[in-house]
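**Q** Turn this into a model:
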Amino acid sequence: MIERLVDQIEARFGDAQREMSDPEIHGDRQRAAAAGRNYRQLEAAAKLAEAWRRAVDDEAGAREMLAEDEDPEIREMLTAARAQIERVEQEIRLALVERDPNDDKNVIIEIRAGAGGDEASLWAADVFRMLTKYAERRGLSVELLESSEGAFTFAIKGEGAYSIFKFEGGTHRVQRVPATESQGRVHTSTATVAVLPEADDVDVQIDQNDLQIDVYRSSGPGGQSVNTTDSAVRITHKPTGIVVSMQDEKSQLQNRERAMRVLRARLYEQALAEQQAELAADRRSQVGTGERAEKIRTYNYGERRVKDHRINLLVHNLDEVLEGALDEFTAALQADEKRRVLELQATA
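**A** Sure, this is the predicted structure:
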C-alpha cells in the first residue's frame, strides 16, 4: 500500500517539475501560480518518499548483514531502520491528507469584545495587534476595514492566509490585572474572533433585490467630511438577516465595497457551514457567546503563559506570543487537523 503511494508521489512530483519548466506557463499568471502551489505542496511529500526509500534500503541491508552475522549492533541498525520506516510512512499519510479547498484564500477577521466590560475592549485591541503582528511575520498583508472601541474587522491577504488563521477563530480569554484595578485583583475577560475565507464573486451569487442598503452620517473619527456627509453604509441581506455596516472611509462607494466584501464572506462561510455541519464551521460556533467559560486559548499574565485548550499545548512565552509568535500553535493545530482527518478516513 505505502509503496504505491510513494510511486504516485514520485510520478506526480515529476509531472509538477515538468510543468514548472514549461516555458509557456510563464505567460499565464494564473496557471503559473497554480503550478507553483502544486509544486510546493508535492515537494515536501517527494522528500518524504525519498526518505522512505532510503530507510527501506537501510532495513534491507541490515537484514542481509544480520543473516550472515548475529551482531547486536546490526540488530540495532535493523530496529532503527524499521522505526524510521514507520515514522516516515505516518508522515507520508499526513502529507497526503486532502487540503481544505479554502486554505489558499485570503481571510476576513472580525474581533469583538466579549465578557469583561472596558477591559474586554482593551483585550480585543491586544488580540487585533497580536494577529496583525503574526500576519506580518508570515509575510502577509493586512487591510483594516472597520474599527471602533472593542471591535475590529480586517482582511489578511496572501498565499495560504486561511490555512494559517482559521485556527484563531473562537474565544480568546485573558487573565490579568487591569490598569484601572486599584486592589490588584486578577480579572478574566474575553474577545471573540471569527475567521472567514474571503469569497469571490464566483463563490457567492448575491441578488441585488435581496439587499437593503441604507446610508447615514458617520459618528466615528476620520476627518471633517466623514461626519458631515452621508458616507456610512449599512447593508442588510434580507433572506438571512445578516447586517454589515461600514463607516471608516470618507467615500460612500468605498464603504459600500468593503461592506459587500464582508457580507460575501459571511454568506460564503454560512454556505460552508450548511454543507459541512460536522466540521462545526459556522460563524456562531467559532465565536460562541463570549462568556468566560468558553475559550480556545487562555493568556495568563501572572504566570506569563498561554494555553491552547484544543490540543493542550502550554507555552511560557506570553510576551513573544502577544508580539505575534503563533507559529508553534499553528503548526500543532495543523498537524492535529490532519490526524483527525486521517482518523475519519480510517473509520469511513
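
**Q** any idea how far the residue lying closest to S189 once chain neighbours are set aside lies from T192?
**A** Nearest non-adjacent residue to S189, counting by Cβ to Cβ, 6 or more residues apart in numbering: G116, 2.8 Å away. Where you see a C-beta, it was placed from the backbone N, CA and C, and this is true even at glycine. Distance of G116 to T192, computed by Cβ to Cβ, to the nearest Å: 12 Å.

**Q** So for those two, which residue has more residues nearby?
**A** In terms of neighbours (other Cβ atoms under 10 Å), T192 is the more surrounded of G116 and T192; the figures are 25 against 22.

**Q** as a whole number, average confidence for the strand or helix carrying that one?
**A** Assigned by DSSP states H and E, T192 falls within strand 187-197. For strand 187-197, mean pLDDT is 93.

**Q** Next: stretch 35-52.
**A** In this model, stretch 35-52 has an average pLDDT of 84.

**Q** isn't the residue nearest to S189 right up against G150?
**A** No: assessed by Cβ atoms under 8 Å, G116 is found out of contact with G150, at 9.8 Å.

**Q** Could you list the buried residues of stretch 205-222?
**A** By neighbour count on 16 or more other Cβ atoms under 10 Å, the buried set for stretch 205-222 is I206, S218.

**Q** where does T132 land in three-state SS?
**A** Of the three states, T132 takes helix under DSSP: H, G, I helix; E, B strand; the rest coil.

**Q** quick one: contacts of the helix or strand following the strand holding T192?
**A** Toward the C-terminus, strand 187-197 is succeeded by strand 211-216 as the next helix or strand (DSSP H and E). Identification of contacts with strand 211-216 by Cβ atoms under 8 Å, 6 or more residues apart in numbering yields D230, S231, A232, V233, R234, I235, T236, H237, K238, Q252, R256.

**Q** how does it look with 7 Å?
**A** Strand 211-216 is contacted by residues D230, A232, V233, R234, I235, T236, H237, K238, Q252 when judged by Cβ atoms under 7 Å, 6 or more residues apart in numbering.

**Q** any chance you could map the strands in the stretch 101-250 of the chain?
**A** 107-113, 141-148, 151-157, 170-176, 187-197, 211-216, 232-237, 242-246 (DSSP state E, counting those that start in this stretch).

**Q** Go through those and name the closest to R4.
**A** Counting by Cβ to Cβ, R4 lies closest to strand 187-197 out of the strands of the stretch 101-250 of the chain; the figure is 33.2 Å.

**Q** Output the closest one as CSV, restricted to C-alpha atoms.
**A** Coordinates of each C-alpha in strand 187-197 appear next as CSV, following Å, rounded to 0.1, in the frame of the first residue of the first chain:
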residue,chain,number,x,y,z
HIS,A,187,-9.8,39.9,36.1
THR,A,188,-10.9,37.5,33.4
SER,A,189,-12.1,38.9,30.1
THR,A,190,-12.7,37.6,26.6
ALA,A,191,-12.6,38.6,23.0
THR,A,192,-14.3,36.6,20.2
VAL,A,193,-12.7,36.1,16.8
ALA,A,194,-14.4,35.0,13.6
VAL,A,195,-12.2,34.0,10.7
LEU,A,196,-14.0,33.9,7.3
PRO,A,197,-12.5,32.8,4.0
